[in-house]
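Enquirer: Sharing a model prediction with you, sequence too.
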Amino acid sequence: MTTTIPPDLIARLQKFDQLITKIEDAIEEIDVGTDKHFERSAHEMALVDSMSMFLMDSLLWAVQATKGGGADKNEDLLIDLARTKRVTADMKAINARQDAPRINKTAAANFVRSALWEVPEQGTSTETAPDPPVKMEE
């Protein structure tokens with residue numbers, strides 16, 4: 001007598017296996033030892049902390065899944081997942097700000113002022129040329 005495994009159970013087991021593989025990969029990234037961990041910058045430590053939050057939420061989700069439920073049945077887990085998403089979004093915003101080009105406000109103002117002022121042609125007198133713009137106080 002042979003029994004076959006239902007296809008929906010196979011799909012759930014594959015999804016579970018994929019989740020466990022992602023967790024293992026994430027743990028390998030952050031498991032570097034305490035000495036090397038404290039050599040990280042504050043930003044890198046915050047990234048590791050947010051990844052650790054994600055790992056804990058994933059493990060809790062996996063425990064819930066083995067008990068026959070999902071994250072939608074555990075209110076505390078849903079709250080923590082929302083917090084993790086917010087922290088991750090904040091970290092992405094910080095990364096975007098750090099990668100953004102820096103603007104020299106004085107140079108930008110000079111470019112704009114130069115673009116608005118036309119240089120008089122050589123054949124015209126300086127009496128008919130418009131005055132250069134006056135720097136306004138902010």
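Expert: That came through, no problem. Keep in mind it's a predicted model, so treat the numbers as computed, not measured.
Enquirer: residue ranges with poor pLDDT in this protein?
Expert: Low-confidence regions of the chain, defined by pLDDT under 70, span residues 1-2, 30-32, 70-71, 117-120, 123-138.
Enquirer: For it, which segments count as strands?
Expert: Counting by DSSP state E, one finds no strands in the chain.
Enquirer: residue closest to the middle of it?
Expert: Geometric centre of the chain, nearest residue: K92, 1.6 Å, by C-alpha atoms, centre = their mean.
Enquirer: where's it relative to K85, distance?
Expert: Note on K92: its distance to K85, by C-beta to C-beta, to the nearest Å, is 11 Å. Bear in mind the C-beta positions are built from the backbone N, C-alpha and C, glycine included.
Enquirer: And for stretch 20-39, what's in contact with it?
Expert: M45, V48, M51, S52, F54, L55, S58, L59, A62 (C-beta atoms under 8 Å, 6 or more residues apart in numbering).
Enquirer: try 10 Å this time
Expert: By C-beta atoms under 10 Å, 6 or more residues apart in numbering, the surrounding residues in contact with stretch 20-39 are 40, 44-45, 47-49, 51-52, 54-55, 58-59, 61-62.
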